[in-house]
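# sequence and predicted structure, then a few things I'm wondering about:
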Amino acid sequence: MKFKIFIVLSVFLTAFALLPDRIITGTVQDTSQNPLAGVLVTTKGSQVTARTDRNGQFSIKVPVITRSLVFKFFGYLDKQVSLGSDSMLLVTLKSDVRVLQEVVVLGQTPAVKKTDFSFAKTSAGQMPNSVMSAPLGYADGAESYKMINENGFQVAAQTPVTTFSVDVDRASYSNVRRFLNMGQMPPLDAVRIEEMINYFEYEYPQPTGPHPISLTTEMTDSPWNPGLKLVHIGLQAKTVPVQNLPASNLVFLIDVSGSMMDQNKLPLLKQAFKLLVDQLRKQDKIAIVAYAGAAGMILPPTSGGEKMKIREALDNLQAGGSTAGGEGIELAYKLAKENFLEKGNNRVILATDGDFNVGVSSEADLQRLIEQKRKEGVFLSIMGFGMGNYKDSHIETLADKGNGNYAYIDNIQEARKEFVQEFGGTLFTVAKDVKIQIEFNPAHVQGYRLIGYENRALRNEEFHDDKKDAGDMGSGHSVTAIYEIIPASAKSAYLPQADPLKYQQNNSSVAGTTQEMLTIKVRYKAPESEKSVLFDLAVNKASKPWNDCSENLRFASSVAEFGLVLRNSEYKGAATYEDVISRAKAAFGKDEEGYRSEMVRLVKLAKSLDGSQQTARKE
């Protein structure tokens, strides 16, 4: 009898196991029919999960007997959807008003759910005013950001020349996205407008001449400050096919201290680095150094072809201990130098929340070490993870000193963007120490202001100084800068009062006979050289109507406008969230990965949050 029961049960289980799976696809949107990215899709009582992409689309394979799917997303009500014969779904999620109402700006966590944000609060539950006015920026022992002193308008007749370094970092945008997705407005100093603009790809022409960088300009009316102009400058680095990229000598330097235990830190880091490992070739080498209370080599230099071995080393990492970041960096540089490739890409990739509290005796010592290794040909890139004790100010400084880029990884999609879609740009430099200097013609320009790039400003004499470090551009990277211009004929309250110069040479006769509004000069070095190369471009005062401008200008300016509103900038003029949404939507272009449509979702989210939080952020 027992044998018969066993046979029947075996047949039943076999039949159940052979039941075919079905694939359910669909789109998740909000009540305004905007796609929602990152929505968790699950089956009740099962481990099967999926997430929506940047277009709100998902695909999930489930057993044919599955009766329903559950959709979850922070700030929205959970929704359970019954499955019928239709394998394609359109799901609409409603905002959870209670969550949005319970979220308070600047580090106050939603009352309904504790998170890892551990900002200090006063007894009244508000952020102390001293935090916002601290000279080092937004910091209360938890997250820290350098204070941004926003660029003001300069009088062209007094200071016609302006100089800055390029910036290909994109960390600010993904960090702002993290705050908004958590139901919080970002701290003002977390909003670096140039990094938000440069997060997106633009269709600038590939360089065709002797230089590895192309230069494109456009001018139009400022949409938020009537009477003023916008000058849009686009730099495009040449794209080197992956198969032609030089071999890499990489050292992963991974923070496994106790502060990295959270799910959005070490576990996400492992997933992210596995994506990078998948891109490596046999000729590439990778080593792994981990640091906590002490630093140690987890994986000796290993061929990129041994992916299973590298993955196993990543899987074995566990978090715990204090943060000997300096000791870890020294060991990582030692390994990189021992395996140095003369014509290759030698780079340390540091993954951390930035909470260095022991190790090299001071931050200044650490910076000097990184600068020295940069001069020896080993660059440093940094990937930031986590929240709560995230040290943005520290990470940004170290990446700048190491001739590397800095990104913030808030989810696996962002890791894919950095390590898969933009693999060449993230790791392979085609032009280093790229500087821009612009001379404005006072005959046509009364005043000018660079939007963003506050921490990239250079003294004018540093443009010619080849010893002065500046930003690098990787394969396929683009850099966008936007100036707001007060034309000679315009009246503006933004224009500072200044007396005419008495002793300077008067070139007004020359300036007034040309249609040139400005001249752009660019300096860069080849990756293996320490001598810079110069080229320039004169820009006439021809202005296009807004609708005739490229999608590059129209979308980039909408991102800039978003940043101005987020920062509540004194120069935002008539800028509003509604205008940002309208102008951005009209400039989506192809948007194959959905990044631009995602930004519109974030603008709408910021608008919904900002009404109740704006007062607190101004204080």
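In hand now; what should we look at?
# helix, strand or coil: sort out residue 24 for me.
Using DSSP: H, G, I helix; E, B strand; the rest coil, the secondary structure recorded for residue 24 is strand.
# now for it, how many residues are close by?
Other residues within reach of residue 24, judged by other CB atoms under 10 Å, total 21. Every C-beta, even on glycine, is put in place using the N, C-alpha and C of the backbone.
# distance of it relative to residue 251?
For residue 24, the distance to residue 251 (CB to CB, to the nearest Å) stands at 43 Å.
# same thing with residue 480?
Separation of residue 480 from residue 251 (CB to CB): 31 Å.
# among the two, which residue is more densely surrounded?
In this view residue 480 and residue 251 are compared by other CB under 10 Å, and residue 251 has more residues nearby, 30 against 26.
# dihedrals phi and psi, the more buried one?
Its backbone dihedrals place residue 251 at phi -120, psi 120, with angles given as degrees, to the nearest 10.
# so what's it up against?
Taking CB atoms under 8 Å, 6 or more residues apart in numbering as the definition of contact, the neighbours of residue 251 are 286, 287, 288, 289, 332, 333, 335, 336, 347, 348, 349.
# now for these: which two are most distant?
The largest distance within the contacts of residue 251, taken as CB to CB, falls between 286 and 333 and amounts to 15.1 Å.
# among the two, which residue is more densely surrounded?
The residue with more neighbours, out of residue 286 and residue 333 and counting by other CB under 10 Å, is residue 286; that gives 26 against 23.
# which residue, other than its chain neighbours, is closest to the more buried one?
For residue 286, ignoring the flanking residues on the chain, the nearest one in space by CB to CB, 6 or more residues apart in numbering is residue 250 at 4.8 Å.
# verify the contact between the one you found and residue 344 for me.
No: applying CB atoms under 8 Å as the test, residue 250 and residue 344 come out as separate, 9.9 Å apart.
# test my guess that residue 227 contacts residue 493.
No: applying CB under 8 Å as the test, residue 227 and residue 493 come out as separate, 10.5 Å apart.
# which one of the two has more residues nearby?
Looking at residue 227 and residue 493 with other CB under 10 Å, you find the greater number of neighbours at residue 227, namely 13 against 5.
# how many residues are close by the residue lying closest to the more buried one once chain neighbours are set aside?
Spatially, and ignoring its direct neighbours in sequence, residue 227 is nearest to residue 490 (4.6 Å; CB to CB, 6+ apart). Number of residues near residue 490 (other CB under 10 Å) recorded here: 17.
# cool, and residue 147?
Taking other CB under 10 Å as the neighbour definition, residue 147 ends up with a count of 17.
# what does residue 422 give?
Residue 422 is surrounded by 20 other residues when neighbours are defined as other CB under 10 Å.
# who's residue 480 bridged to?
residue 234 (DSSP bridges).
# check the one 5 residues further on too.
Listed by DSSP bridges, the beta-bridge partners for residue 485 are residue 229, residue 448.
# check residue 289 too.
Judged by DSSP bridges, the bridge partners of residue 289 are residue 253, residue 297.
# how far away is it from residue 64?
Remark: distance between residue 289 and residue 64 (CB to CB) = 48 Å.
# for residue 412, same thing?
Summarising the geometry, the distance separating residue 412 from residue 64, computed by CB to CB, is 28 Å.
# ok, back up a step: what pLDDT is listed against the residue nearest to residue 227?
We note a pLDDT of 90 for residue 490 in this prediction.
# same deal with residue 591?
According to the model, residue 591 scores 89 on pLDDT.
# and the one 3 residues further on, by the same measure?
In the predicted model, residue 594 carries a pLDDT score of 90.
# okay, now it: neighbour count?
Residue 594 has 19 neighbours, counted by other CB under 10 Å.
# residues contacting it?
Counting by CB under 8 Å, 6+ apart, residue 594 makes contact with 35, 37, 53, 54, 55, 56.
# can you pick out the most distant pair from those residues?
35 and 53 (8.7 Å).
# in three-state terms, label residue 380 for me.
Classification of residue 380 using three-state DSSP returns strand.
# and it, bridged to which residues?
residue 348.
# that one reaches residue 397, doesn't it?
No: between residue 380 and residue 397 there is no contact under CB under 8 Å: 11.2 Å.
# centroid residue for this protein?
In the chain, the centroid-proximal residue (CA atoms, centre = their mean) is residue 170; its distance is 2.4 Å.
# what sits against it?
Applying CB under 8 Å, 6+ apart, one finds that residue 170 lies in contact with 195, 198, 199, 405, 407, 408.
# what do you get for residue 341?
Taking CB under 8 Å, 6+ apart as the contact definition, residue 341 lies against 246, 247, 248, 249.
# residue 412 and residue 64: which is more packed in?
Using other CB under 10 Å as the criterion, residue 412 and residue 64 rank with residue 412 on top: 15 against 9.
# who's in contact with residue 27?
With contacts taken as CB under 8 Å, 6+ apart, residue 27 has the following neighbours: 35, 52, 55, 56, 57, 58, 89, 90, 91.
# and the last one, what is it in contact with?
To tie it back to what came earlier, the one meant is residue 91. 26, 27, 28, 29, 71, 79, 81.
# you'd agree the third one is up against residue 36?
What it means is residue 28. Yes: in this structure residue 28 lies within contact range of residue 36 using CB under 8 Å: 4.9 Å.
# those two: which is more packed in?
residue 28 (27 against 22).
# tell me the contacts of the more buried one?
Under the criterion of CB under 8 Å, 6+ apart, the neighbours of residue 28 are 35, 36, 39, 41, 52, 56, 58, 71, 73, 91, 92, 93.
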